[in-house]
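In: 3D model of this:
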Amino acid sequence: MDPTPSSAGPESLLKRLRSATPGQRLAGRNSTKADILFYRCAGVDLAVKDYSARPWWIRNTLGRWLVRRECRAYRAADGLAGLPRFAGRLGPFALALEW
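Out: Below you'll find the predicted structure:
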């Protein structure tokens with residue numbers, strides 16, 4: 001059975017997305033910007049903000065900090081009209097949102 005993003009844990013979703021090919025990939029405009037990857041998973045469109053392809057020092061400092069900060073903000077704003085639903089943190093360098 002194909003789990004939906006809301007029923008799958010972040011580890012399960014990350015594993016599924018890592019093995020999937022994104023429908024589209026927008027590369028960060030410089031080495032400090034995350035890549036944005038678009039997926040279709042269990043009938044839901046997801047946008048993944050991912051710092052894993054960035055240089056080591058960006059990924060492990062700025063990337064971790066920005067992902068942690070953005071995850072906290074989406075959790076705090078849960079349910080507000082006009083915001084995409086937060087699908088979860090996908091490890092230390094990525095987060096997913098419904099698109």
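In: Can you list the buried residues in the helix ranked longest in the chain?
Out: In the chain, with assignment by DSSP state H, the single longest helix is helix 64-76. Neighbour counts over helix 64-76 (16 or more other C-beta atoms under 10 Å) mark 66-67, 70, 74 as buried. C-beta here means a position set from N, CA and C on the backbone, and glycine is covered the same way.
In: Now do that helix, average pLDDT.
Out: Averaged over helix 64-76, pLDDT sits at 96.
In: With stretch 84-93 instead?
Out: Rounded mean pLDDT across stretch 84-93 is 91.
In: Give me the distance between that stretch and the centre of its chain.
Out: 5 Å (C-alpha atoms, centre = their mean, to the nearest Å).
In: what does stretch 67-79 give?
Out: Going by C-alpha atoms, centre = their mean, where stretch 67-79 is centred and where its chain is centred differ by 12 Å.
In: what's whatever helix or strand Ile36 lives in packed up against?
Out: Using DSSP states H and E, Ile36 falls within strand 35-41. Packing partners of strand 35-41 (3 or more C-beta pairs under 8 Å, 6 or more residues apart in numbering; DSSP states H and E): helix 10-19, strand 24-26, strand 44-50.
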